[in-house]
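> Output the structure for:
(one chain, ligands or ions: 1)
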Amino acid sequence: MVESFDAVDVIRMKRDRQTLSPEAINWVIDAYTRGVVADEQMSALAMAIFLNGMDRTEISRWTQAMIDSGERMNFQALSRPTADKHSTGGVGDKITLPLAPLVASFGVAVPQLSGRGLGHTGGTLDKMEAIPGWQADLSNERMMEILDTVGAVICAAGSGLAPADKKLYALRDTTSTVECIPLIASSIMSKKIAEGTGALVLDVKTGPGAFMKLEQDARELARTMVDLGKDHGVNTVALLTDMSRPLGRTVGNALEVRESVEVLAGGGPSDVVRLTVALAQEMLAAAGVKDADVEAALRDGRAMDSWKKMVAAQGGDPEAPLPVAKHTQDVLAETDGVLTEMDAMSVGVASWRLGAGRARQGDPVQAGAGVEIHAVPGERVTRGQKLFTLHTDTPERFERALESLTGGATIDPDAADGTGAREDVVIDRID
Ligand code: URA
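Predicted coordinates for the structure are as follows:
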């Protein structure tokens, strides 16, 4: 086959701050997927994009080329409208677990094709796999069947969706080119558009525990993704949400399932409930369901029924006790005062070091490992009171987890009650 471009020319163009033509983008993504563009060449191009950016037309074409690298799913045969949610990832972010069955309880199909965690943010599949018997892998036929009957599915994304992104994301991970708005936006949206959902709600996190530490960058990412979704015919809206501290009071796989079930039973931490409700309202509105009382569905057990059916449809036992770690260690407050800050990254890294996350793709995770949070910013604590409980099967991990938590919680003896309390987990809405 005669190649229509040369990788070196494409790299040089971006290095020299030129706009890549649609033809050059189509070729480079396709040739990279075919193995004609080598990893070192794509690394150089990713770094050139990282440094010099891409304009809206380039990002849109780049996204389309990644979609075209694989198969597209189609949910039009379903009897229900579809809505999907994607979070850019945060510490204690278990929202998909209560959200998918909650939205499904209103007759909307929720195909949550999810991933496993890497680094300090946990993966939804790792959390669901803490449930005894639950299986992440489903055939497309089975997935459609569950969507048509139960309405919600959380499963592993097949390798056929946007394979160019799969390759490129792994490469970016090892070349320090992840935190780049055009590359993140095209990576996320190529997968979501290829999935074929009719409506998409994005949860774009900002703060020290998120990819986008600065609110202004998170806003730009949200805007870019919403525009990309609309350009591709997907009804897309984004919520900008706070990730300066962990979400809820648990971080870790089984621990987060437990908290999600509390939310489905009408309880749970207020920030988790608030975000679940806000995202559910957006998903339902985007799918054309008007005036849905989502809080009532949490209170009256409809969302819980839908959760139990969803778990059982994938081989899980929703009534089975969840795994617990073999060892625990408490971290106590060293002084009296108001807890004014809790750093999401410190808690996320501690949970990861306890065994809840993985350092390399394919590593096993511990279902019971993680961090339980006993006090949140704004609350008054007394010396000796429990701030955290660490959970792990491998007690030699405690030391490094404790190191990560050092300085992760700030107690101010002179602060007034409520200092540092989160105003609202939802910062803004971008459509
Ligand atoms: N998640 C993705 O899928 N891609 C990125 O680039 C970053 C986060």
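> give me the residue from the stretch 101-250 of the chain nearest the ligand.
Taking CB to the nearest ligand atom, the ligand has its nearest neighbour within the stretch 101-250 of the chain at S187, 3.4 Å off. C-beta here means a position set from N, CA and C on the backbone, and glycine is covered the same way.
> tell me the SS of the closest residue in space to A31 that isn't next to it in sequence?
Closest residue in space to A31, ignoring its immediate chain neighbours: V37 at 4.5 Å, by CB to CB, 6 or more residues apart in numbering. V37 falls in the coil class when you classify it by DSSP: H, G, I helix; E, B strand; the rest coil.
> pLDDT score for V37?
pLDDT for V37: 97.
> Might one say that the residue of the stretch 101-250 of the chain closest to the ligand is in contact with L168?
Yes - in this structure, S187 is within contact of L168 by CB atoms under 8 Å, at 7.2 Å.
> Sticking with M66, tell me its helix or strand.
Taking DSSP states H and E as the criterion, M66 maps to helix 56-68.
> likewise R274?
helix 270-286.
> For this protein, which segments are assigned as strands?
83-87, 110-114, 152-156, 199-206, 235-242, 250-251, 327-332, 337-342, 370-373, 380-381, 386-392, 409-412, 426-430 (DSSP state E).
> Save those strands as TSV, and put in distance to T63 and mean pLDDT too.
Converted to TSV, the strands of the chain look like this (distance: least, CB to CB, whole Å; pLDDT from 0 to 100):
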stretch	distance to T63	mean pLDDT
strand 83-87	14	95
strand 110-114	17	92
strand 152-156	22	93
strand 199-206	13	97
strand 235-242	12	97
strand 250-251	32	98
strand 327-332	44	98
strand 337-342	36	97
strand 370-373	35	98
strand 380-381	47	97
strand 386-392	40	98
strand 409-412	40	96
strand 426-430	18	98
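> and those strands, which is most packed in?
Among these, strand 250-251 has the highest mean neighbour count (mean count of other CB atoms under 10 Å), at a mean of 31.
> Pull the residues that contact it.
91-92, 94, 122, 256, 258-259, 347-348, 350-351, 356, 370-373 (CB atoms under 8 Å, 6 or more residues apart in numbering).
> Among those, which one lies nearest to the ligand?
G122 (13.4 Å).
> Any stretches of the chain with poor pLDDT?
Counting by pLDDT under 70, the chain contains low-confidence ranges at 118-121.
> Contact residues of it facing the ligand?
Taking CB under 6 Å from any ligand atom as the criterion, the neighbours of the ligand within the chain are 169, 178, 183-184, 187-188.
> got a winner among those for most neighbours?
I188 (25 neighbours; other CB atoms under 10 Å).
> and that one, what does it touch?
I188 touches 86, 88, 202, 225, counting by CB under 8 Å, 6+ apart.
> Closest one to A24 out of those residues, please.
Nearest to A24 among those: M225, at 23.1 Å, using CB to CB.
> Please name the nearest non-neighbouring residue to that closest one.
Nearest residue to M225 in three dimensions, chain neighbours excluded: A185, at 4.9 Å (CB to CB, 6+ apart).
> just checking, that neighbour touches L228?
Yes - here A185 lies in contact with L228, judged by CB under 8 Å, at a distance of 6.0 Å.
> which one of these two has more residues nearby?
A185 (27 against 24).
> contacting residues around the more buried one?
59, 63, 221, 224-225, 228.
> do that again at 7 Å, thanks
Counting by CB atoms under 7 Å, 6 or more residues apart in numbering, A185 touches 59, 221, 224-225, 228.
> Distance-wise, check it relative to K192.
From A185 across to K192, the span is 11 Å (CB to CB, to the nearest Å).
> How about V110?
Distance, V110 to K192, by CB to CB: 13 Å.
> which residues are common contacts for the two?
With contacts taken as CB under 7 Å, 6+ apart, V110 and K192 have D84 as neighbours in common.
> Need the nearest residue in space to L332, chain neighbours excluded.
G384 (5.4 Å).
> number of nearby residues for the one you found?
Using other CB under 10 Å, G384 has 10 neighbouring residues.
> Pretty sure D393 sits against P323.
No - the criterion here is CB atoms under 7 Å, and D393 misses it with P323 at 9.2 Å.
> Overlap of the contact sets of these two?
Joint contacts of D393 and P323 (CB under 7 Å, 6+ apart) are G368.
> excluding its backbone neighbours, what's nearest A157?
The shortest distance from A157 to any non-neighbouring residue, by CB to CB, 6+ apart, is to L113 (3.9 Å).
> can you pull up the bridge partners for the one you found?
C155 (DSSP bridges).
> For it, which residues are in contact?
Residues counted as contacts of L113 (CB under 7 Å, 6+ apart) are 155, 157, 195.
> And A100, by the same measure?
A100 neighbours (CB under 7 Å, 6+ apart): 110, 112, 152, 154, 310.
> With distance to G252 added, can I get the residues you listed in a markdown table?
Shown next, in a markdown table, are the contacts of A100 (distance: CB to CB, whole Å):
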| residue | distance to G252 |
| --- | --- |
| V110 | 24 |
| Q112 | 20 |
| A152 | 23 |
| I154 | 18 |
| M310 | 21 |
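> Out of the residues you listed, the closest to V237 would be?
V110 (15.6 Å).
> residues near the closest residue to L168 other than its chain neighbours, how many?
Leaving aside its chain neighbours, L168 sits nearest to M42 (6.6 Å; criterion: CB to CB, 6+ apart). Look at M42: counted by other CB under 10 Å, it has 24 neighbours.
> same check, this time on the one 10 residues further on
Neighbour count for N52, taken as other CB under 10 Å: 14.
> Same check on K326?
K326 has 13 nearby residues by other CB under 10 Å.
> just checking, it touches D393?
Yes - assessed by CB under 7 Å, K326 is found in contact with D393 at 4.7 Å.
> about what we covered before: using a markdown table, please lay out the strands of the chain together with distance to M143.
Shown next, in a markdown table, are the strands of the chain (distance: least, CB to CB, whole Å):
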| stretch | distance to M143 |
| --- | --- |
| strand 83-87 | 13 |
| strand 110-114 | 7 |
| strand 152-156 | 5 |
| strand 199-206 | 18 |
| strand 235-242 | 22 |
| strand 250-251 | 28 |
| strand 327-332 | 37 |
| strand 337-342 | 38 |
| strand 370-373 | 29 |
| strand 380-381 | 46 |
| strand 386-392 | 32 |
| strand 409-412 | 42 |
| strand 426-430 | 30 |
